[in-house]
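Asks: Make a model of this:
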Amino acid sequence: MSIKVYFDMDGTLFNLYGKDNWLDLLENEIPGAFVGDGMKDGLMPALSLDSMHNIIYSLMYLGVSFGVISWLPFAASPLYSETCRNEKLNWLAQNFPMIEDIAIIPYGIEKQKAITKRAQTMYLIDDNSEVCKTWETAKQRKAILVDDDFSALDALHYIHDAIENGAN
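Replies: All right, here's what the predicted structure looks like:
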């Protein structure tokens, strides 16, 4: 059985909304919105980079592949969109180098449209309930909503347990 897990980035892996002046940076197209040092302001507070890496590698050992599908800022100019795309790619390369399937798409595009290679089961871990509803299908696509009480790390453990129990 092929399984792929996609992460949203902003508010799921990257602590954009915990960053000082994040909205001002985006609205005024100031570089640096997607730059973080990993643990302090780059990862969500509930996430440990080592714990994330451990569970990702454990899932990869079980045959799971990973990707990121992330939106660019709303109504950003082409130049600022490219700046943000590069910042996100650099951050992912520094913090999650094992994830190579990365789609950074215009704001509002349905995330399932970014999939280039389908898997039998595809999870999306996202902090946006509307995006999760749009992602879900009866069998193939499953969404896991994360929030302050249920992190991306919790979601990965949930997926790991489901695989080990044969409940995909």
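
Asks: Low-confidence regions, the chain specifically.
Replies: 1, 37-41, 167-168 (pLDDT under 70).

Asks: Strands of that one, start to end?
Replies: For the chain, the strands defined by DSSP state E occupy 3-7, 64-71, 101-105, 121-126, 141-145.

Asks: got those strands as JSON lines, with mean neighbour count and distance to residue 14 columns?
Replies: (Glycine included, C-beta is placed from N, CA and C.) Formatted as JSON lines, these follow (neighbours: other CB atoms under 10 Å; distance: least, CB to CB, whole Å):
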{"stretch": "strand 3-7", "mean neighbour count": "23", "distance to residue 14": "10"}
{"stretch": "strand 64-71", "mean neighbour count": "22", "distance to residue 14": "8"}
{"stretch": "strand 101-105", "mean neighbour count": "17", "distance to residue 14": "12"}
{"stretch": "strand 121-126", "mean neighbour count": "24", "distance to residue 14": "13"}
{"stretch": "strand 141-145", "mean neighbour count": "20", "distance to residue 14": "17"}
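
Asks: Out of these, which gets nearest to residue 27?
Replies: Closest approach to residue 27 among the strands of the chain (CB to CB): strand 64-71, 15.3 Å.

Asks: Partner strands of that closest one and their direction?
Replies: Its sheet considered, strand 64-71 pairs with strand 3-7 (parallel), strand 101-105 (parallel) by DSSP bridges.

Asks: Which one of the ones you listed lies nearest to residue 29?
Replies: So among the strands paired with strand 64-71, strand 101-105 is nearest, using CB to CB, at 16.2 Å.

Asks: residues near the closest residue to residue 44 other than its chain neighbours, how many?
Replies: In space, and not counting its chain neighbours, residue 44 is closest to residue 15: 5.1 Å by CB to CB, 6 or more residues apart in numbering. Other residues lying near residue 15 total 20 when counted by other CB atoms under 10 Å.
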